[in-house]
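Enquirer: this one's sequence-less:
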């Protein structure tokens, strides 16, 4: 299918990250991750539990960008206080953004620059420290650049593999970094916990990825990211995201 | 049972400079904005603000009333960052204690239970510990695990906003999420509760289930009736967030002259004048009131 867009490649790559997750709460931050969780739920991962981003668990998800008030079928109530209990229990899987990420998967969404007087104050650590020590965490980066993929992040919010492995007690045994999906590629972690390229999106070269990554990255023999199936494309285009919100996050 | 109703105009007499105040709601949702606006009109200063922050934090920062913010995040939801909070951090180096959200909840729950700390995994090996060097870890007495010992936060005053209450301080929420308002009330020495409407006790459960009674009068010291008191944040199901006004707030905050105009128009008068100015802005823009 030659008319498949980059955004649709990203959606199915993200959807594959939920594959095999089982009966867990899908916590998806961003448009492409939200579409991907719905797609996974409607295809290979029917046990996934979705939320409306507010207080409700949805068996039939509400329209993209909407809440339970806009439609869908409510199957549970999970206000913010209960979300923290669920994440502590481990029955959750996050896909969240990263303003900076280093080669070990240390992630920053707090601020850029100095802690006491940042050049740019961002959203704050939010749940990243807790997510990364409690359950599987993937990252979604809509603009793969050397500003995001850096030698060293300014604040470690999401815990990376190097820190988790160096930790002396058994308290970090639930640390589980999965993949980093970007607008250029799918990245995973090698045996040493360092980022490596798993696949390049169609039309993307290894040189392009290296040029947009602020540290050396293993790109050899990376296969192309798989295209969506006809069923997946149909679901993305007509059921989940008929308004094409995905194209605002990832341009072709 | 005493009558705990308080006039909005008297709210600031219960908050003193240097206090630690907790503010309910979440981001730009069900914030006790009428109570916050009373603080803006007062001469109280040097506050330590504890909040899942939204425009409450931004406005108090802009008015120079904040010594430190303790938060899980500061966001306007549909606008990711509050411009006043950003400016306070980037231009003035405002001191903060930034916790992981789960740590922040642990701190409030510990405070509510009068515990020195609660253990949590959240924060381990993250820079939240390195940037807040007063934080300690604790070894489990049962196995080899280590946890972050999040110190309990006690609040001098909690400010929260709900949909309904009776005059005795029994508070009811009718929206989808209680947020952490009940925990804040329990973690505070004194709780000031504002509501859209004060009703008779029997009326609280006439049309809503008893489970919607979020906060008992055990934990409420004063009740303030403040219609539209969460504006411009949401107070479901009474009203949604006023997105147009929030955009106006954020745009004005980005420019000193525009902010001066905003302040004159909305913040120098009393609450009635604020609500009237909001209404007239809507009329000007042709939006439904």
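Expert: Sure thing, it's come through. Not measured: the values here are computed from a predicted model.
Enquirer: Poorly predicted segments of the stretch 101-250 of chain B, please.
Expert: In the predicted model, the stretch 101-250 of chain B carries no residue with pLDDT under 70.
Enquirer: Tell me which stretches of it form helices.
Expert: When secondary structure is read from DSSP state H, counting those that start in this stretch, the stretch 101-250 of chain B shows helices at B:101-112, B:127-131, B:181-187, B:201-204, B:243-253.
Enquirer: Now render these as TSV, adding mean neighbour count and distance to chain A.
Expert: From N, CA and C alone the C-beta is placed, and that goes for glycine too. Formatted as TSV, the entries for those read as follows, by neighbours: other Cβ atoms under 10 Å in any protein chain shown; distance: least, Cβ to the nearest Cβ, whole Å:
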stretch	mean neighbour count	distance to chain A
helix B:101-112	26	4
helix B:127-131	20	4
helix B:181-187	25	8
helix B:201-204	14	20
helix B:243-253	18	13
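Enquirer: Make TSV out of those helices and add distance to residue A:141.
Expert: As requested, these are arranged in TSV below (distance: least, Cβ to Cβ, whole Å):
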stretch	distance to residue A:141
helix B:101-112	22
helix B:127-131	20
helix B:181-187	35
helix B:201-204	48
helix B:243-253	26
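Enquirer: how about whatever residue of the stretch 51-200 of chain A ends up closest to chain B, what does it touch?
Expert: Nearest residue of the stretch 51-200 of chain A to chain B: residue A:130, at 3.2 Å (Cβ to the nearest Cβ). By Cβ atoms under 8 Å, 6 or more residues apart in numbering or on different chains, the residues touching residue A:130 are A:84, A:87-88, B:100-103, B:120-123.
Enquirer: Look up which helix or strand it falls in, please.
Expert: In this structure, residue A:130 is located in helix A:128-134 according to DSSP states H and E.
Enquirer: Other residues contacting the very next helix or strand once past that helix?
Expert: Using DSSP H and E, the helix or strand that follows helix A:128-134 towards the C-terminus is strand A:136-141. When contacts are defined by Cβ under 8 Å, 6+ apart, strand A:136-141 is touched by residues A:14, A:17, A:21, A:29-30, A:32-33, A:93-98, A:101, A:105, A:107, A:128, A:131, A:148-149, A:158, A:176-183.
Enquirer: Just give me how far the next helix or strand after strand A:136-141 sits from the chain centre.
Expert: Using DSSP H and E, the helix or strand that follows strand A:136-141 in sequence is helix A:161-166. Once both centres are worked out by Cα atoms, centre = their mean, to the nearest Å, helix A:161-166 turns out to sit 20 Å from its chain's centre.
Enquirer: same check, this time on stretch B:241-250
Expert: A distance of 18 Å separates the C-alpha centroid of stretch B:241-250 from that of its chain, computed with Cα atoms, centre = their mean.
Enquirer: ditto for stretch B:65-77
Expert: On the basis of Cα atoms, centre = their mean, stretch B:65-77 sits 9 Å off its chain's mean C-alpha point.
Enquirer: if we can go back for a sec, quick one: the residue of the stretch 51-200 of chain A closest to chain B and residue B:150, what's the gap?
Expert: 11 Å (Cβ to Cβ, to the nearest Å).
Enquirer: Return every residue with contacts to both of these two.
Expert: Common contact partners of residue A:130 and residue B:150 (Cβ under 8 Å, 6+ apart): B:103, B:120, B:123.
Enquirer: And those residues, which is closest to residue A:221?
Expert: Closest approach to residue A:221 among these (Cβ to Cβ): residue B:123, at 38.9 Å.
Enquirer: what's the closest non-adjacent residue to that closest one?
Expert: Of all residues not flanking residue B:123 in the chain, residue B:148 sits nearest, at 4.3 Å (Cβ to Cβ, 6 or more residues apart in numbering or on different chains).
Enquirer: residues touching the one you found, list them.
Expert: Applying Cβ under 8 Å, 6+ apart as the definition, the contact partners of residue B:148 turn out to be B:103, B:119-124, B:129, B:135-138.
Enquirer: Are any of those residues buried, and if so which?
Expert: A residue is treated as buried here by neighbour count (16 or more other Cβ atoms under 10 Å in any protein chain shown); on that basis the buried members of the contacts of residue B:148 are B:103, B:119-124, B:129, B:135.
Enquirer: which of those lies closest to chain A?
Expert: Using Cβ to the nearest Cβ as the measure, the one of those that approaches chain A most closely is residue B:122, at 3.2 Å.
Enquirer: Would you mind measuring from the closest one to residue B:72?
Expert: From residue B:122 to residue B:72 the distance is 10 Å (Cβ to Cβ).
Enquirer: Now list whatever residues contact both of those two.
Expert: Common neighbours of residue B:122 and residue B:72 are listed as B:100-101, B:103 (criterion: Cβ under 8 Å, 6+ apart).
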